[in-house]
Each structure stands twice: as C-alpha cells, then as structure tokens.
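>>> build me a model from this:
(chains A and B)
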Amino acid sequence: MAQSIPDPKMKVDRISLLFKQVMALSEISLAIEDGEIVSIIGPNGAGKSSLLNCLNGFYKPQAGDIYFEDKRITHLSCHKIARMGIGRTFQGIQAFLGMSVLDNILVGRHTHMKTNFFQDFLYWIWSIKEEVSHRDVAEDILDFLEMAPMRDAIVGDIGYGLRKRVDLGRALAMDPRILLMDEPLAGMNMEEKEDMARFILDIKEFRKIPIVIVEHDMEVVMDISDRVIALDWGRVISEGKPGEVRKDSKVISAYLGEAEQ
Amino acid sequence: MEMEKSIFQTREANFPDLEAKTIPGLLQVRVKQFGGRTFFRQKHKGVWQRFTYDQVYACVKKFALGLAKLGLQSGQTVAISGENAKELFWAEYGVLALGGKTVCLYPDMLPSEIKYILQHSEASFFVAEDQEQVDKILAIRDELPLIQKIIYWDSKGMWQYDDPMLMNFTELLEVGQGFARENPEFFETSIEKVTKDDIAVISYTSGTTGLPKGVILTHANLLDNAYRVAMSVEMKPSSQYLSYISPAWGTEQICGITLGLVVPFELNFPEKPETVLENIRELGAEILVFGPRQWESLVSMVQAHMLDAGPVRRTIYAIGMKVGKEVARERTEGQKINPIWKVVFPLADVIVLKAIRDNLGLKKAYVTVSGGTAMSPDIFRFFHAIGVKLRNLYGTTETGVLTQHLGNYFAPETMGKWFRSHPDFGPPLEWKLKESGELLARGGAGFAGYYRNPEMTNEKLEDGWFSTGDAVTMKENGELVFLDRVSDLRRLSDGHMFPPQFIETRLRFSPYIRDAIALGDASKPFVSALINIDFDNVSRWAERQSITYATLPDLSQKREVIQLIAGAVAHVNQLLETKSQIECFVNLPKELDPDEAELTRTRKLRREFIEDRYKGLIKAIYEGEKEFCFEVQIKYRDGRSGCVKNTTQINSCRNQEA
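Below is the predicted model:
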C-alpha cells in the first residue's frame, strides 16, 4: 500500500510519536498539495512542533509513514531529507550570530555545494565559479527579503525581526521544494509580522512551493493560510478553510477550555 | 530707488569653447572621446558594475528607439519616478535625444501630486522604478488618458501584474534594438534635430502657496548652469560623483545629468538610499552635492559615535577637533591665526581628523557642496575643521545657480560669490536689490518661464529681471548673504523690512545664546532682541573669567556677560543692513520654558505669548529706558508657582560700539 502514492507533494500517513509514555502524535494523517499555505494550530503541547520535526526527520515516528514527492522519507536522516528539498526555519533564533547576514545565507547553500576541500583549498576555477554562482543566489534572496543593504551586518547586531528574516533566507537558500516554518512570527512586533506575512505570501507566489506553518498568531494564520489544521493532544481535531476551522466548536473548546484562561 | 550693480565680466576672460549645444549632442561628443572608459557605476547583487560610455550610449539609444517605436514624438513629455539609478539616467538622456521633455518626480510623492504634475505636463509615458511607483500610477491611470505605456526597471514583485499597459525596461530595450535594425540612422538624426532652446526638463517646484509650478529648463539653461559651476571650480575629468539628490530637484539636473557630461564625471549610483554612507566610502567619492540636511546627518552620526566612545578617545577627539577648528578659522572667518596651531595641525590631522574623514568616506572628496537653503554654521565649521572644504551654493530653479563659495575663502554665513555665465549662452549675470531687500537676477540663458503658465511667468519677470522672492544682502567683498524669504520679513514703523528669523537663527549660532526673539513690527521704529543666555556655557565661561555669580538672573545681568552677548549681537549686526540691525537687547533673567508655554515642546518660540508676557519690558525698551524692574510668575516642575522679581538692564548696541 505504501507504494501507491497519489498526487500530494507531501503526505503523512497515520504517524504516531511516543516520548516514553507520552503520546505526542497519534495516528496523524495529512496531505499537503503543491503551492498551498497550510497552517498547523493548536494549544501549547498539542504536538505542532513535534509534527514539524517528524516532517523534516528530527524525530522518527514509531508508526506510520511520511512521503515526499512519492518517496518514503520516514527513516531518512535529516540531512538527507534537507538535500531532497525540504527547507525549514526554527522557533527562536538559530542563525550564526557571529557571522554576517550574507554568510548565514550562504550556509544554506551547503546542500548545493559540490567542490571538495582540496579544490576549495586551491581556490581554482571550479571553486571560484561555484562561489560566484552561490553568491548570485544568495544576493537574489537578500534582495527578495529586502536585506541587500545590510548584507555585511553581523547577525548578532541586528534586531530580532531581521534575524528571523535571516533564518528564512537561509532556508530559502536551499532552494526548497517545500518550506516548513516553526513559529515564524513569534516575538515580533506588528510591523515585523506584516512584513513576514508578506514575504510568506511572496514565496508562495514567486516560488510556487507549499509552505507549512506552525503559528500561534491566529489573526495572521487566518489571513494568509489556504488551509488550517488544528491539533490537540496529538490528534487532528479540525481541518479545512480558515473560516471553517475558526468556527469549529472543537477548536474553540480546545483553546478556551484548556490552554488559555 | 533701486541699487544696481553688475558683475564684472568681460569677453577676455578665459571662457572654454562649448563642445555641443544640447545635452544629447554633448553625450555624443563624450562617447566619441572616451568610448571605453567608465561612465556609470552601480551595484548589482552587492558588486559594483561598470558601464563604459559606449555601453551607456547603446542603452540610451535602445531606450530612446524603444520609445520612438511605441510612439513618442519630439516635444512630448516623459515622466520618470524613482531613486537615482542608471536606468533613470538612460531614460532621461534617451528622451532628450528624441527631442522630448522629461519630468522627474520624487519617489515619495503622493498619487494626487503625481496626477497634477502628469496632467499639467501632458506626460505620455511613465517610467517607474518598481512596484511601489507602478502601483501609484495604476491607481490614477484612469484620469490620465494621455499615458500610453508604463515602463518599470525593477521587476521585483511585478510577477503577478499582467496589465497590458506595463512594460519591463529590458523588454523596451529589445523593442528599441529591433527598431534600430530597421532605422539605423534614426537616433543620430533625432539628436541633430534637437536645438538648444528646446525644453529639456520641466522641474516642478513645491508651491508653498497653491499648486506646484513647472519651471522650464531648456538645454541651454542646463548647460549654462553646468558651465557656471565648471568654470569656477576646477574639477578633474572622471572624478567620482555620487548621484544621490533626486533629479526632481533642479540641482541634480544641473550637477548629475548635465555637469556629469560637461566635466565629465564617473556617475555612481547608491545601492539603496540607506546605503549612501557606505557607498560614498567604498567609492572614495570626490564630488558630492547634498542638501544641508544630509550634511547635518553626517555630523550627528559622528557626534553620536563619539558619545559612545570612552573618555580617553573623547578627549583625543576634542583636542583634534579644537586644532582643526582653529586652523579652519583662517579659511572660514578670514582671520590670521596663531602659527602654533599650524605646527600641531599635522599631528591632529593624522590622529583624529583624517580618521573622521576616512570613516565618513570623505577622504578623497575635493568638491563638496551644500545646495538649497542656508546651512547652520556649526555644521559648516565642523566639515572645515576635519579638512573638508564644504561650499554653500545658492540659486533658484528659475534662474539656475547664482552664487557659491569660490576660491579659498568660505565664510559660513554667506552663500559665496557670483558665478560667471558663459557668454555663448547670453548676457552676463546681473543682480539688483529691490527696496524690500528682494534679490532680482538676470543674465545667462535666462528664465524660460513656467510651463503653461504665462500669467505667473509675467508676474515674476520684470523687464527681464526675475524676482527670486529671497531677501538677501550683499557684503562689500561681493558675497551674498541669504536672509529670508521676502514673505517672512517683517515691517518696522518706518516701512523698512527686516528678517526676524534670520536674526534669531544667527544669534543662536553663538554658543552663549540659547534662544532669541527679534522684536520689531509696525509699531516699533527699530529692531531689538530678547535673549535667553545659554546658562551652561555662560556659567562655564564665567568660571574661567573668575566672575562670581549666584543664579541665572544674577549671571545674566553681569557687566561682563552683557559685553559677551553684545559681541555676539555685533557679529550678527555685521551681516545686516544698518536699518535691520539690532539696536537694543535684553538678557532675560530666566530661561524660556515650554512648561510656561513660552516655547512649544519642540522648542519653537511662541512669539505672541512671549510678547504679551514681557510687554512691560518691551515697552520700556522702546521708551528708551536704561533698566526695567519686572516680576514674572513662574511655575516650578512640582506644580508650585513663584514670582521672580528682577532688575534687568536694557543694553543699547550703539553705545557698545562707541
């Protein structure tokens, strides 16, 4: 049955994830179509980040399978999954604080670097050529994220909202065919959120790749998502268009009944 | 009764031969001369890219022919909106080559302003930088039936637009290339047809009253202005020029677009407005023309950095600047200075001044100009102290550039001496002052009028003399001092007009004066001033002079302090006509305070309130009293109020001089 995979870009087939006795995810299934923005919402501890971590191979589900472009990736290591074109950004700041914005983005190109240590040591034609081509891609990303003027700024010196942009830039540098974003708006002010939401929409339009977002800011989620999936206690409790999920009584009680207030 | 003077100008003076009569003509001459040399430079993906004269010419040609193919006729208008960039310059040169007119817009203009200008200038094409500019024009397109095509050069964010009116810049260049294959001679013949009196640019000036006026700049106007500058300041060909001020302002039309071809410059375009400082430094820019505000921001940047520095570095900085300022005084105030400063200068230069120049990217800058309004002498002196010979430039869009600091003397309060105009463009520059102090000017290529507004043109022109609307005085050495807009002048009881804001601002330039109010109106026969001394600086000065004092009211009335302030007043009086000079001044025994509504929160004077509050004192001044005893209610920060009772000296400046 695992061999007969239908159309979706990424498919999750009844995965379960256990931390000792704690059931983080139980029999979750979902499908992500090409070019859509899917948001995963839910109260704290619902299993949102665990799900994202399964998708890019940080966690290995004990049961079930994950497919990306018809390939089973459940048990691949995360660097192999990254090479296949699954990009992700992280909760908080995971950029190299001591490096420049440009270098941080170039780091994201590592999955595409082909020359070896000895070639680079000699820095001959092939290395120079490769460096120029990667810089070219990195500059496009800087321009896209409106960070070109600060390419040489040290990431540790720039503001939080901009650091999150660097994180996104690094994920884009991989040329991902799907982008997973873990709380891209956390800790941002209104203006930074608006910018980031705009970038997310632009990525969808320009790169035409699906984007999976885990996010708490309901307003933005409902605004930019094509589809919303609500989790609670490791299960999908609701799924559908933003308007439908917002009205779902199960979602309302999950939020109001337990997490908040 | 009008004073009349003419600038001494004769044919014998060394005037260069003009190489072309139009801007595209001059472009052709330069391309033939320098073909493979660098002309433009702009960053692409973080790396400076060079464009030779040949490449620039090819792009200009393709752009022009593309527009020709789309239907641009000679004499039609093309509007350009965006930050300074190579495409903007190509577009302008291209339009001029076809005999078209260009209108440049500030990139931050609102759609309503753009609409008025495009309708008034009858623009038929719109060249935009990016999505932002395109969005603005699309919003008002229905009201602009003449617009045939919108061309944009930055396609970021444009991928979801499929409006048939939009066209990418590179796409247009391809159209132009196709047209060139069919009509190989078209471009060159069009350039030949352009004459010097054709309108090149319509420069819209922000109307303080009513709608903006479109000033016509012909090819002759632009070249005349560029030659005025080029003939008076020596500039090496291929100097690095950073194009930053917007071509929507006439100054950049003269300096970047035209002077760039006359000298010629290597024209560099900043990557983004916010990277200008970085870019200046990377380029080692040699020629910079900024507005006063941009120069000020450089100074405040240095000062902010120094506030963060440790005490040792701050001290070294202070000493270095002191030496720099002393040495610069010879240049700026024309005083002989103690030779000791010159001996220590090389050391200060190496340790402090050179480093500042380097960090600001001004190490190689040898022509630095502040255009537009008068600039604060403090800022001016700062640059001279670090060894950057900043020059003030004065002019109006209508008459072009008129005066600039020339030679090696740079008085901070003046706008410099008169330019010479090349005789091939017209008669020599002349000026005269009206009774009101308003400057009238004529000469050179002359004012060509406001576009589609003959009434306004006639209003401003009187027998060929253009009324600038600026009140100025001329110093005996031929330097122009800008006072105020004539509309801001106030009238004394005998009808004489004096510039209150000029007096107040100049008084504040003294480190010992915090605020000043110039008094004088139709009920008063002469000008006087209320002065709020700068307590910090005056008290420090008093300590050095071993003057004992108790409080501000006491300090302000000390004989020595009055003399100190009288000196500052006398300095300002030197810049004024006799009738406008301050005859009397009073050191206020208290600070003007926003808490008492004497100032706004942004420290602007609330003139009427002050005049009412101190009306007893003011009456005493004009009744010729020697002193005045007054009580002022004051409010303390904690809400209590009290009363200050004080005897205040009324000081006559006439006596001080005698």
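>>> next, the residue nearest to residue B:239 when sequence neighbours are not counted: phi, psi?
Among residues not flanking residue B:239 along the chain, residue B:286 sits closest, at 4.3 Å (C-beta to C-beta, 6 or more residues apart in numbering or on different chains). Where C-beta positions appear, they are placed from N, C-alpha and C, glycine not excepted. The phi and psi torsions at residue B:286 (degrees, to the nearest 10) take the values phi -100, psi -30.
>>> what sits against residue B:286?
B:236, B:239-241, B:364-367 (C-beta atoms under 8 Å, 6 or more residues apart in numbering or on different chains).
>>> surely residue B:260 forms part of a helix?
Yes: judged by DSSP: H, G, I helix; E, B strand; the rest coil, residue B:260 forms part of a helix.
>>> what about the nearest residue in space to it that is not next to it in sequence, neighbour count?
Leaving aside its chain neighbours, residue B:260 sits nearest to residue B:267 (5.1 Å; criterion: C-beta to C-beta, 6+ apart). Using other C-beta atoms under 10 Å in any protein chain shown, residue B:267 has 23 other residues around it.
>>> what packs against the strand or helix carrying residue B:267?
Residue B:267 is part of strand B:265-269 when elements are defined by DSSP states H and E. Judged by 3 or more C-beta pairs under 8 Å, 6 or more residues apart in numbering or on different chains; DSSP states H and E, strand B:265-269 is in contact with strand B:38-44, strand B:239-242.
>>> most packed of those strands?
When these are scored by mean count of other C-beta atoms under 10 Å in any protein chain shown, the highest mean neighbour count falls to strand B:239-242 (a mean of 22).
>>> how far does it sit from the chain's center?
Put simply, strand B:239-242 sits 19 Å off its chain's centre (C-alpha atoms, centre = their mean, to the nearest Å).
>>> so which residues of the stretch 151-261 of chain A form helices?
Applying DSSP state H, counting those that start in this stretch to the stretch 151-261 of chain A gives helices spanning A:160-173, A:190-207, A:218-224, A:242-247, A:249-253.
>>> can you redo these as TSV with mean pLDDT and distance to residue B:434?
As requested, the helices of the stretch 151-261 of chain A are exported to TSV (pLDDT from 0 to 100; distance: least, C-beta to C-beta, whole Å):
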stretch	mean pLDDT	distance to residue B:434
helix A:160-173	93	55
helix A:190-207	91	51
helix A:218-224	91	62
helix A:242-247	91	69
helix A:249-253	88	77
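>>> ok, which of those helices comes nearest residue B:639?
Closest approach to residue B:639 among the helices of the stretch 151-261 of chain A is made by helix A:190-207 (37.0 Å; C-beta to C-beta).
>>> and the closest one, what's buried?
By 16 or more other C-beta atoms under 10 Å in any protein chain shown, the buried positions in helix A:190-207 come out as A:192-193, A:195-197, A:199-200, A:202-204, A:207.
>>> the residues you listed: which ones sit near chain B?
Residues of those in contact with chain B (C-beta under 8 Å from any C-beta of the partner chain): residue A:202.
>>> tell me the one of the buried residues of helix A:190-207 nearest residue B:589?
Nearest to residue B:589 out of these is residue A:192 (C-beta to C-beta; 51.0 Å).
>>> just the pLDDT for the residue nearest to residue B:239.
In this model, residue B:286 is scored at 95, pLDDT.
>>> so who does residue 216 touch?
Reading this off chain A. Residue A:216 neighbours (C-beta under 8 Å, 6+ apart): A:41, A:183, A:185-186.
>>> wait, chain B was what I had in mind.
Applying C-beta under 8 Å, 6+ apart, we find residue B:216 in contact with B:199, B:202, B:448-451.
>>> out of these, which is nearest to residue A:158?
The closest of these, once distances to residue A:158 are taken by C-beta to C-beta, is residue B:202, at 42.2 Å.
>>> for that closest one, which non-adjacent residue is spatially closest?
Distance criterion C-beta to C-beta, 6+ apart; nearest residue to residue B:202, sequence neighbours excluded, is residue B:214 at 4.3 Å.
>>> surely that neighbour touches residue B:456?
No: look at residue B:214 against residue B:456 with C-beta atoms under 8 Å: they stay out of range, at 9.9 Å.
>>> which non-adjacent residue is nearest the residue in the stretch 51-200 of chain A that chain B sits nearest to?
Nearest residue of the stretch 51-200 of chain A to chain B: residue A:139, at 3.5 Å (C-beta to the nearest C-beta). Residue nearest to residue A:139 in three dimensions, not counting chain neighbours: residue B:45, with 3.5 Å by C-beta to C-beta, 6+ apart.
>>> do you know the pLDDT at that neighbour?
For residue B:45, the pLDDT comes out at 87.
>>> wait, it sits on residue A:137?
No: the criterion here is C-beta under 8 Å, and residue B:45 misses it with residue A:137 at 9.8 Å.
>>> quick check: neighbours shared by the two?
Counting by C-beta under 8 Å, 6+ apart, nothing touches both residue B:45 and residue A:137.
>>> what is the burial count for residue B:455?
Using other C-beta under 10 Å, residue B:455 has 8 neighbouring residues.
>>> helix or strand: which one has it?
helix B:454-460.
>>> next secondary structure after that helix?
Following helix B:454-460 in sequence, per DSSP H and E, is strand B:461-462.
>>> any buried residues in the next helix or strand after that following strand, and which?
Next helix or strand after strand B:461-462 toward the C-terminus (DSSP H and E): strand B:465-474. Across strand B:465-474, burial judged by 16+ other C-beta under 10 Å covers B:465-468, B:470-474.
>>> now those residues in TSV, with pLDDT?
Shown next, in TSV, are the buried residues of strand B:465-474 (pLDDT from 0 to 100):
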residue	pLDDT
B:465	94
B:466	94
B:467	93
B:468	91
B:470	91
B:471	90
B:472	91
B:473	89
B:474	90
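>>> closest one of these to chain A?
The nearest one, if we look at these relative to chain A and count by C-beta to the nearest C-beta, is residue B:470, at 37.4 Å.
>>> and that closest one, what does it touch?
Applying C-beta under 8 Å, 6+ apart, the residues contacting residue B:470 are B:396, B:438-439, B:482-486.
>>> need the contact list for residue 115.
Reading this off chain A. Per C-beta under 8 Å, 6+ apart, neighbours of residue A:115: A:126-127, A:130.
>>> oops, I was thinking of chain B
Here residue B:115 is in contact with B:140, B:143-144 (C-beta under 8 Å, 6+ apart).
>>> repeat for residue B:508
Counting by C-beta under 8 Å, 6+ apart, residue B:508 touches B:514-516.
>>> among those residues, who's most crowded?
Highest neighbour count within those: residue B:516, with 27 neighbours (other C-beta under 10 Å).
>>> and that residue, that one's in a helix?
No: counting by three-state DSSP, residue B:516 is not part of a helix but strand.
>>> and it, what is it in contact with?
If you count contacts by C-beta under 8 Å, 6+ apart, residue B:516 has them with B:503-504, B:507-508, B:529-532.
>>> ok, now residue B:530?
The contact partners of residue B:530, taken as C-beta under 8 Å, 6+ apart, are B:516-517, B:519, B:585-586, B:588, B:610, B:614, B:617.
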